[in-house]
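Colleague: Turn this into a model:
(chains A and B)
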2 protein chains.
Amino acid sequence: MRLPFVSIAAMAVALAAGSLLRADDGYRLWLRYDRVADESLRATYAAAFTEIALPAPTRPGFSLGSIEAARDELTTGLKGLLGVDLSTVSQPTRDGALLLGTAVRSPELAGLVSEADLRAASEEGYVIRPVIFAGKRCVLVLGNRDVGVLYGAFALLRHVQLHEPIAGLNLVSAPRIQRRLLNHWDNLNGFVERGYAGQSLWRWFELPDIVSPRYRDYARACASIGVNGTVLTNVNANALVLTPAYLQKVAALANVFRPYGIRVYLTARFSAPVEIGGLKTADPLDPAVKQWWTDKVAEIYRIIPGFGGFLVKANSEGQPGPQAYGRNHADGANMLADALVPYGGIVMWRAFVYDNNVPADRHTQGFSEFQPLDGQFRSNAIVQVKNGAIDFMPREPFHPLFGAMPQTPLALELQITQEYLGQSMQLAFLGPLFEEVLDADTFRPNAGSTIAKIVDGSVDLHGISVIAGVANIGDDRNWTGHPLAQANWYAYGRLAWDHQLTSAQIANEWTRLTFGNDSAVVQPITSMLLESHEAVVNYSMPLGLHHIMAEGHHYGPGPWVDQAGRADWTSVYYHRADANGVGFDRTKSGSNALAQYAPEIQNLWGNPATTPDNLLLWFHHLPWDYRMKSGRPLWDEIALHYQSGVDTVRTWQKAWATLNGKMDDERFTHVKQLLARQEHDARVWRDACLLYFQQFSKKPLPAGVEPPEHPLDFYKAQQIHFAPGHPGAH
Amino acid sequence: MRLPFVSIAAMAVALAAGSLLRADDGYRLWLRYDRVADESLRATYAAAFTEIALPAPTRPGFSLGSIEAARDELTTGLKGLLGVDLSTVSQPTRDGALLLGTAVRSPELAGLVSEADLRAASEEGYVIRPVIFAGKRCVLVLGNRDVGVLYGAFALLRHVQLHEPIAGLNLVSAPRIQRRLLNHWDNLNGFVERGYAGQSLWRWFELPDIVSPRYRDYARACASIGVNGTVLTNVNANALVLTPAYLQKVAALANVFRPYGIRVYLTARFSAPVEIGGLKTADPLDPAVKQWWTDKVAEIYRIIPGFGGFLVKANSEGQPGPQAYGRNHADGANMLADALVPYGGIVMWRAFVYDNNVPADRHTQGFSEFQPLDGQFRSNAIVQVKNGAIDFMPREPFHPLFGAMPQTPLALELQITQEYLGQSMQLAFLGPLFEEVLDADTFRPNAGSTIAKIVDGSVDLHGISVIAGVANIGDDRNWTGHPLAQANWYAYGRLAWDHQLTSAQIANEWTRLTFGNDSAVVQPITSMLLESHEAVVNYSMPLGLHHIMAEGHHYGPGPWVDQAGRADWTSVYYHRADANGVGFDRTKSGSNALAQYAPEIQNLWGNPATTPDNLLLWFHHLPWDYRMKSGRPLWDEIALHYQSGVDTVRTWQKAWATLNGKMDDERFTHVKQLLARQEHDARVWRDACLLYFQQFSKKPLPAGVEPPEHPLDFYKAQQIHFAPGHPGAH
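Modeller: Have a look, this model is predicted:
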C-alpha cells in the first residue's frame, strides 16, 4: 500500500519544487545571457574575451554614456554567458581584449579598419573584427559614434548567445532607416489603448521622483534591436503632458534612455494652446499660436535635451486639428515643424484620418486628403502612414499613399500590438506581415519601388527616414502578455534596422535567444511562429475579408454587427454578404479605391482572376460559387480556410507538448494554456462566421470542415466584458 | 592622465554590474528563504531536518491538498535556507525527519502530544515539537486539520528564517479569530479602487483559461500569515461576477487557493436579481427574489465548493440596498444569510453607510442605522464595521458600534491600503494603528472589553468571528508599491491570527524576514516602521484633525476645500477653523456624536482636559490659544506637530543612507527615492496646512518651525492628475 504513495509523492515533489525553482517569468526577453552549456565552446569564447579596453576617455565622471552602457552590457552579458568577470582597462593588457571606441575620438582605432567599412557603419552602425592593437590580439567594436559601439556590443552578445563561431568574426552593420520608433498609445492615467499586456510602463504619478529600474531594461531591450526613439504618449493625446510638471517627468525618462541612444518624442495635442496655453484659438496660422508652440518647444528642449519631436493625430476620430480653422494638414504640420527645426526635431503627422461626415469608402480618405498636399510639407515634417488604408487589418493591401507622395518623406506605421490579431491571447508572429508590407511593390515610380525603399528614402532620396511600430508592451512581467509575442517587438526592431532580413531568419534568431539553441526546441517554435499570422487570418478573416469584429472590442467575431455609430463601424459594411455573394467591390464598379494605386496594381487587382487569393474579397464582391484558382467554389474555399486555421492551431498544441521538460515550467505552462484558449477562440471564429455566411450562401459545409458546435444565436449572444485595451474597458 | 580614468571606470563597472546582478524586486515578500549564511547554524538546522515523513496517505493522486502544500513549502524553503534536498518518505528512515500529519487521520501522531496541546491547536492551529517516532528523533508538525499542518510549516520556516534556536523547539499556536479576510476592492476591469500598487491581481479576461502562477504565490503569502479568506471583488459591486461565465473564473482562482486554506468570497450587488436575473424587484421579502438568491447560491456552491459567502455594501454612497423597498439592513442581510446557511456560508453586511439626504454628522449615521437592529440578524449574518465612524482617517476614535450590538457578531474592517496615509508613496507602518484599534477599550459591557475581544467573540460569546483588511496589493512586481508597505499586509495577517502580538514584535519579525537578521539593518528599519504612522499623522492631520484632503483624490492637503458635492465632502466641514479656533465639536454642544459611546468614554472625551491630545480636535472646537497639556498654546502645538512629522522623515533618510551596501541596490534605491518624495510631500502638507490655518490663528509660527517655502496660493494651485486608486483616475 505504501509504495505507490511514496512514488506519487516523490513525483509531486519534483513537479512542485520544479515549478517554484525552475520558474522563468520571461522578464529578461531575448537578453537572457544564460551560461553557454557546451564547455568547450564556452572556453573558446572565454579565451577570446578576457578584458574590456577603452583606449579613449569617454565622459568625465560617472555620467553614463553609450560606451559605458556598452561596457556594462558586455560585462553583465559575458559574465552570464561565460561565467567570467571582465575588468575594464584603458589599454589592452593581454590577448582577448574587447576594444571599444569610436572613429572620431580614437583615430588609432579607426586606422584599424578600412574607410569603406567606416562608411558602411554610417552614423549608427558598427564594425566588429579581430585586430592587433598595442601588440595584443583584440576584438575591435568600433562605431563612428558612441551609439554604434553600443549597437556593436549587443550584436556581439547576440553572436555569442547564438553560439556562432568566433573565428573569422566580421560584423559590419548599419541601419537602413534613421528613426526607428516605438509608438506607445499610453494614456497619462496608465491605460494603454490597444494595450494587452497590462498598464503603461510609465508611472507618471511616481515620476520624476521614482525612477524604476524597468525603464533601463526597456531601453536595453530597445537598443539591443536598434530602436532609437520612443513616443511615450497616445496619439489620442492629452495636452497635460506638455505642462512643466509633466515635462519634468518626461525628462527623468529621457535621462535613462539617452545613453541607450533613444530619443523621447511626445504626441502633441493640436488644441494644446487653448487647453493649457490659455489662447482662444489653435489656428496654425495665428501668430500667437505659432509663438506659443515656439516657446513651448524651446521650453521642452531646455528640459529635455535631445528631444526627438512630435507625433500628431489631427482631424481624425474626434481629435482636434487645423481643419477646424479652415487650414489643411500641411499648415498644421509646418507650424510645428518650424518650431522644431532649430533643434533638429521632427514632426510626424499621421495620415490615418477619416471623417464622420464623408460618405466615401474609408479606404480612400487618407489618400484624398494627403496626396494633393505632396510638396507642401517642410523638410522636417513627415507624413506617417499605416501599412494599410483601413486599420491594421489581419491582412490588408498596402496603403496607396506609398509612392504617391514622392516629395514628402513617408513614415511607415506598423502595429506590433495585435489589435485585430488575437491581442495577447493568440499567437500571431508578425514578422511575415511586416515583411509582406515592406516588400510590397508600389510600382511608383516604377517596378521595384517597394515600401521599404520608399520609407528608407532610397527611392525618392529623402534626407530623413522614419519607421514606427505601435508597441505591444506594458507592465506585465513578461512585457508582452503572450510569451511568444516578445518576438513581435524583436522582429519589428530587427526589420526597422535592416528590412532585408527575412522573417524566417528573425524567427530563428529570436527563438534561439529566448529558448536556447537546442534544435528540438528551435525547430517547432520557429515553425509555429512562421505559420501563425496566416493561421489567424485563416480562422478569422481569410481571402481578404476584414473588420468583421464583435462590437465594443476587437477580439472576437461579429459578422452580424449591423448597427453602430456609423455605417463603416459595422461588419456588414465590410463583408457585404448577401444572396449574391460576398466581398467589398473596390473596383470601378464599386468604391473605386483601387484607382488610387499605380496602373500596374490596378490592372492586377482590378480583375478577380489576377487578384491574389488573400486579397480577393477586399477588392471584389463575388458569387458564392465563384470558381477559385484552386478549382473550388468560393464558399468551399472560405470554409476550408476557416477550418485550416483551426487545424493549424491544433498542430501547435501537439508540437508544444513535445517541449515539456525542454524549458522552464512557467513559460511552458503559460503557452500551453494560451494555445488551448487560442484553439477555442479559433473554433468560435470559424463557427460564428461560417454559420453567419451560410445564411446567405445556403450551401453545406464542404467535406473536412467540422460542423459547428452551437447554433448561430449562441455565438451572437456571447458577450466579452472588459476586454483589455479597448477604450470602453475604462 | 590614465590612472584616474581607470579607477573611475572600474568603480562604474562595479556599480552598474551590481545594479544588474544584485537586483531584488521584492516579489518574494517575507518568504525569501535565502541561504543561512552562518555555516555552523546552517549545519545545526540541516542536521535537524533531514527528510519529510508523511505517515498517513493524504489524498489520492496528485490533487494538491494542504499537507502537500505544506510539504512543498518545506521542501522549497529548506532547500533555499539550508541548501538541502529533502526527500519525502512515508515513515521516518532516520533522525531529523519532519513528521507531518493531522490528529484525525494519524492517531499515532496525536498520541505524541497532550490533549491540552491538541485543544490549544484548535481548528486551524498547530503543535510543533521534537518527538521520537518509529525509533527516530523527529520534529512533529501536527494539526487537528490539514490546514494546521500548513500553518505549522510556515511557522517552522519562519523560525529558521529568524535564526531561532532549534533546541527546545516548542510551538503551539491557534488563531483567535475564525475568518481572517482580505477585502479586495478590485473591479472587473482590473482597476483597484484605493489601490496604489498597480492593477488587480485577478486577470478576469484571461481566466479561467490562463492561471497565473502568481495566484499561488498570493495564496502562499496569505497562508504564511494565516489569512484564510479573500473577497475578490469591490464592495462597490458589479453583478456580472455572479453570472455563470464569471463564476467559472472565480472557481479557477478558488481551486488554486483551496489547498492553502483560503476560501473565496464575493461581493453581492443587492440589485443583482434585477440586473442579471431579469426580476422586476430586488425586495428582500419578495418570494421570487428570495428564490433567485437561493438558486444563485446553490449554483455558486456547485461551481465553487467551499465558497465563503458574501460581503455587501448596501444603501451607502449610491449602492442599491433594501431601503429602496422600505426594508432595513437586517431584512437584506437575513435574506442572503438564509440562502447561504445550508452551505455554511456567511454574509458580511457593512455598517459603513451614509446617506446624501441625512444632514447629521456622518459620525453618527452608522450607529443610528445599525444599533437598533441588534438582535435581528441571523446567526450567519455579521455586521462589518470600519475601525472608525468617518472613514479610515489617519487617526480615528474607535467606532461606537463596537460594544453596542452585543447580540450581533461584529467584524472589524481595517484598511491595509493607505488611502489617507500617503498611499504607496509614503512609509506608514500600520501595525501601531491596528494595535491601537484592537486594544481600544469600549467599556461595553465593562472595562477591558476591547475591540479585539468583541471581534474575537470572547466578550459576547459569539460562535462566529471575522476580521477584514482592505488589501494594499496589486500587480506591481513587489505587490505593494512601496517595498516597506509589504509590512502592512504582514502585520494585518499576524494580528488577525493573534491580536496579542505587539506591533514592535511584528515589525522586528517582518524586517528580519525581509531584509535579513543583521542588527545594523534590522534596528534602523524597525525604528522607522514604528515611528512612521505617527509621523504621517503629525505632518498631515495631527491632534484629531481629519479629512482635510485635496479634492479629487486622497493624496495631498486641501484644508481650503469648501465646495464639493455635499458639505461633508469638504475639508472646512471637518476642521471648522475660524477666528475662534479649530476642531469639530462632537460633544453635547455640538453634534453630540460622543453620546453614542459608553458613559466612561463620554466622561473622558467630553472634556478637553481629559481627551487624549491625539483626538482633541476630533471632539472639540478649541481656541487657538487653548493651553495644551504641554503648556503650549494650541496653535504652537499644531505647528510643532507638523514640523515634527517632517523632521522624523528626515531622520529616516539619514538612517536609510546607512543601509547602502547592506542590501540589494534595487530595494535600497527604491526606498531612498520614496523617502525623498515623502520628505517633499511632508513639507507640502506642513506648509499648506499651517499657511491655511494661520489665516485664522493670525499668530506667528513658533520657534523650530521652518518658514513655508511658498505662499498659500502656490499650494492651492497645485494639481495632482490621475492619482492612482481614485475612481476619477479612470
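Colleague: looking at it, A:A381 is touching A:A337, isn't it?
Modeller: Yes. Judged on CB atoms under 8 Å, A:A381 makes contact with A:A337 at a distance of 4.1 Å. For every residue, glycine as well, the C-beta is placed using N, CA and C.
Colleague: quick one: common contacting residues for the two?
Modeller: A:I346, A:V347 (CB atoms under 8 Å, 6 or more residues apart in numbering or on different chains).
Colleague: what about these two, which has more around it?
Modeller: Neighbour comparison, A:A381 and A:A337: the larger count goes to A:A381, with 28 against 22 (by other CB atoms under 10 Å in any protein chain shown).
Colleague: For the more buried one, give its distance to chain B.
Modeller: Distance of A:A381 to chain B, given as CB to the nearest CB, to the nearest Å: 30 Å.
Colleague: Quick check: phi and psi at that residue.
Modeller: phi -110, psi 120 (degrees, to the nearest 10).
Colleague: Name whatever forms a beta bridge with it.
Modeller: A:V347 (DSSP bridges).
Colleague: got the contact list for it?
Modeller: A:A381 makes contacts with A:A330, A:A333, A:N334, A:L336, A:A337, A:I346, A:V347, A:W349, A:T408, as judged by CB under 8 Å, 6+ apart.
Colleague: among the helices and strands of chain A, which has the poorest mean pLDDT?
Modeller: Least confident helix or strand, chain A: helix A:2-21 with a mean of 36, by mean pLDDT, DSSP states H and E.
Colleague: Nearest residue to the middle of chain A?
Modeller: Nearest residue to the geometric centre of chain A (CA atoms, centre = their mean): A:I416, 3.3 Å.
Colleague: surely it meets A:A471?
Modeller: Yes. Between A:I416 and A:A471 there is a contact at 5.8 Å, judged by CB under 8 Å.
Colleague: Between those two, which contacts overlap?
Modeller: Common neighbours of A:I416 and A:A471 (CB under 8 Å, 6+ apart) are A:L182, A:W489.
Colleague: in the stretch 201-350 of chain A, which spans are strands?
Modeller: Using DSSP state E, counting those that start in this stretch, the strands of the stretch 201-350 of chain A run over residues A:229-231, A:263-267, A:309-312, A:346-350.
Colleague: Dump the C-alpha coordinates for the third one into CSV.
Modeller: Extracted as CSV, the C-alpha positions of strand A:309-312 are listed here (Å, rounded to 0.1, in the frame of the first residue of the first chain):
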residue,chain,number,x,y,z
GLY,A,309,9.8,65.8,-31.8
PHE,A,310,6.1,65.4,-32.0
LEU,A,311,3.7,62.8,-33.3
VAL,A,312,0.3,64.2,-34.2
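Colleague: Out of the contacts of A:A381, the closest to chain B would be?
Modeller: Closest to chain B out of the contacts of A:A381 is A:L336 (23.9 Å), distances taken as CB to the nearest CB.
Colleague: Now the closest one: closest residue in space that isn't a chain neighbour?
Modeller: A:V347 (4.3 Å; CB to CB, 6 or more residues apart in numbering or on different chains).
Colleague: near chain B, which residues of the stretch 401-550 of chain A?
Modeller: Residues of the stretch 401-550 of chain A found near chain B (CB under 8 Å from any CB of the partner chain) are A:M425, A:D475, A:R477.
Colleague: Now with 7 Å, please.
Modeller: Taking CB under 7 Å from any CB of the partner chain as the contact definition, the stretch 401-550 of chain A meets chain B at A:R477.
Colleague: in the stretch 401-550 of chain A, which spans are helices?
Modeller: A:431-439, A:451-455, A:486-497, A:503-515, A:519-540 (DSSP state H, counting those that start in this stretch).
Colleague: go on, the stretch 201-350 of chain A?
Modeller: Taking DSSP H, counting those that start in this stretch as the criterion, the stretch 201-350 of chain A carries its helices at A:213-224, A:244-257, A:272-275, A:287-303, A:329-340.
Colleague: could you redo those as CSV and give each row mean pLDDT?
Modeller: CSV is the format used below for the helices of the stretch 201-350 of chain A (pLDDT from 0 to 100):
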stretch, mean pLDDT
helix A:213-224, 98
helix A:244-257, 98
helix A:272-275, 98
helix A:287-303, 98
helix A:329-340, 98
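Colleague: tell me the most buried of the ones you listed?
Modeller: Burial of those is given as mean neighbour count (mean count of other CB atoms under 10 Å in any protein chain shown); helix A:329-340 ranks first at a mean of 24.
Colleague: Would you mind pulling up the elements that that one packs against?
Modeller: helix A:287-303, strand A:309-312, strand A:346-350, strand A:381-386 (3 or more CB pairs under 7 Å, 6 or more residues apart in numbering or on different chains; DSSP states H and E).
Colleague: how much does it deviate in direction from strand A:381-386?
Modeller: Comparing the axes of helix A:329-340 and strand A:381-386 via axes from the mean of the first three to the mean of the last three CA atoms, to 10 degrees yields an angle of 120 degrees.
Colleague: Give me the residues contacting helix A:329-340.
Modeller: Contacts of helix A:329-340 with the rest of the structure, by CB atoms under 7 Å, 6 or more residues apart in numbering or on different chains, involve A:268, A:270, A:284-285, A:290, A:293-294, A:297, A:309-310, A:312, A:314, A:321-322, A:346-347, A:349, A:369-370, A:373, A:376-378, A:380-381.
Colleague: Filter those residues down to just the buried residues.
Modeller: Neighbour-count burial (16 or more other CB atoms under 10 Å in any protein chain shown) is assigned, among the contacts of helix A:329-340, to A:268, A:270, A:284, A:290, A:293-294, A:297, A:309-310, A:312, A:314, A:321-322, A:346-347, A:349, A:369-370, A:373, A:377-378, A:380-381.
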